[in-house]
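> fold the following, please.
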Amino acid sequence: MSAPASSGIVWASGIVWAPLRLEAWALRLGAPGLPVVRCGLGPARAEAAARARASQPGAWLVLGLCGATDPRLRAGDVFVPDAVRLPGGGDRRLSAASLRAALADAGFAFAEGLLASADHVVRGSERAAFHAAGVRAVDMESAWLAQHAGDRDLAVVRVVVDAPDQELREAGFPLRAWRGLSTLRRLAPLISNWMGSHALPVTPLPAVR
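Purely as a prediction, here's the structure:
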């Protein structure tokens with residue numbers, strides 16, 4: 001498992017990836033100054049967005065919705081993975097320790113574990129297969145963003161909207177999705193403050209004599 005060096009400071013100059021327009025809207029509603037960049041849905045758009053920003057310094061934080069593979073996770077749960085499974089194999093360790101501490105201090109409950117990404121919505125037996133492989137949740141972008149993140153700090157926060165017994169096509173999904181977006185909105189000010197707390201100290205200029 002690869003583990004990039006973490007400086008902490010780089011979060012202040014980082015960007016927040018949000019795949020969907022509604023996810024970006026919820027985050028900007030919660031924290032208008034948050035540096036949200038839409039990467040688009042799925043691997044092709046995520047890879048294109050990551051390549052376009054690869055030369056820009058600073059950490060990357062991925063925020064959005066996801067599906068659970070672990071039946072212990074429920075719609076509405078916040079998931080902060082400690083690693084993401086890369087498309088070509090192997091796991092990319094994520095820089096989440098200080099973010100988890102900030103969430104805990106603010107009273108947010110969250111789950112941890114391994115995240116994977118798929119190029120389609122995962123359902124039924126495929127969801128169970130991911131879980132059997134040690135994966136607790138699945139999205140459609142993080143692995144491809146991670147693949148192009150280089151050695152920068154990278155973290156992911158996802159809100160669960162579907163689970164093994166709460167499938168996308170069930171009648172209650174629109175309400176679960178709306179609640180997931182509401183949770184993203186509530187997370188946004190905390191994320192913004194956390195990123196800002198890693199700003200470089202300002203050195204006063206000497207007085208002009």
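> tell me who's in contact with residue 163.
Applying Cβ atoms under 8 Å, 6 or more residues apart in numbering, one finds that residue 163 lies in contact with 67, 68, 71, 73, 74, 75. Every C-beta, even on glycine, is put in place using the N, C-alpha and C of the backbone.
> got the contact list for the third one?
By Cβ under 8 Å, 6+ apart, the contact set of residue 71 is 131, 163, 164, 165.
> try 6 Å this time
Under the criterion of Cβ atoms under 6 Å, 6 or more residues apart in numbering, the neighbours of residue 71 are residue 164.
> equivalent analysis for the second one, please.
Shown here is residue 68, whose contacts under the criterion Cβ under 6 Å, 6+ apart are 137, 160, 163.
> specify which member of the residues you listed is nearest to residue 31.
Within the contacts of residue 68, distances to residue 31 taken as Cβ to Cβ reach their minimum at residue 160, with 21.2 Å.
> distance of residue 16 from residue 36?
5 Å (Cβ to Cβ, to the nearest Å).
> more neighbours, those two?
residue 16 (25 against 21; other Cβ atoms under 10 Å).
> where do the strands sit along the chain?
15-18, 36-38, 60-68, 78-79, 83-85, 91-93, 114-117, 135-139, 154-162 (DSSP state E).
> give me the helices and strands touching the top helix by length along the chain, please.
Scanning the chain for the longest helix, with DSSP state H as the assignment, gives helix 173-196. The elements that helix 173-196 packs onto, with contact taken as 3 or more Cβ pairs under 6 Å, 6 or more residues apart in numbering; DSSP states H and E, are helix 21-30, strand 154-162.
> next, count neighbours for residue 115.
Neighbour number of residue 115 under other Cβ under 10 Å is 28.
> hey, what's it bridged with?
Beta-bridge partners for residue 115, by DSSP bridges, are residue 84, residue 137.
> which one is residue 109 nearest to, not counting chain neighbours?
Distance criterion Cβ to Cβ, 6 or more residues apart in numbering; nearest residue to residue 109, sequence neighbours excluded, is residue 78 at 6.8 Å.
> how about the strands of the chain in JSON lines, adding distance to residue 25 and mean pLDDT?
Formatted as JSON lines, the entries for the strands of the chain read as follows, by distance: least, Cβ to Cβ, whole Å; pLDDT from 0 to 100:
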{"stretch": "strand 15-18", "distance to residue 25": "9", "mean pLDDT": "95"}
{"stretch": "strand 36-38", "distance to residue 25": "9", "mean pLDDT": "96"}
{"stretch": "strand 60-68", "distance to residue 25": "12", "mean pLDDT": "96"}
{"stretch": "strand 78-79", "distance to residue 25": "19", "mean pLDDT": "98"}
{"stretch": "strand 83-85", "distance to residue 25": "24", "mean pLDDT": "97"}
{"stretch": "strand 91-93", "distance to residue 25": "28", "mean pLDDT": "96"}
{"stretch": "strand 114-117", "distance to residue 25": "22", "mean pLDDT": "98"}
{"stretch": "strand 135-139", "distance to residue 25": "18", "mean pLDDT": "97"}
{"stretch": "strand 154-162", "distance to residue 25": "14", "mean pLDDT": "96"}
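> noted, bye for now.
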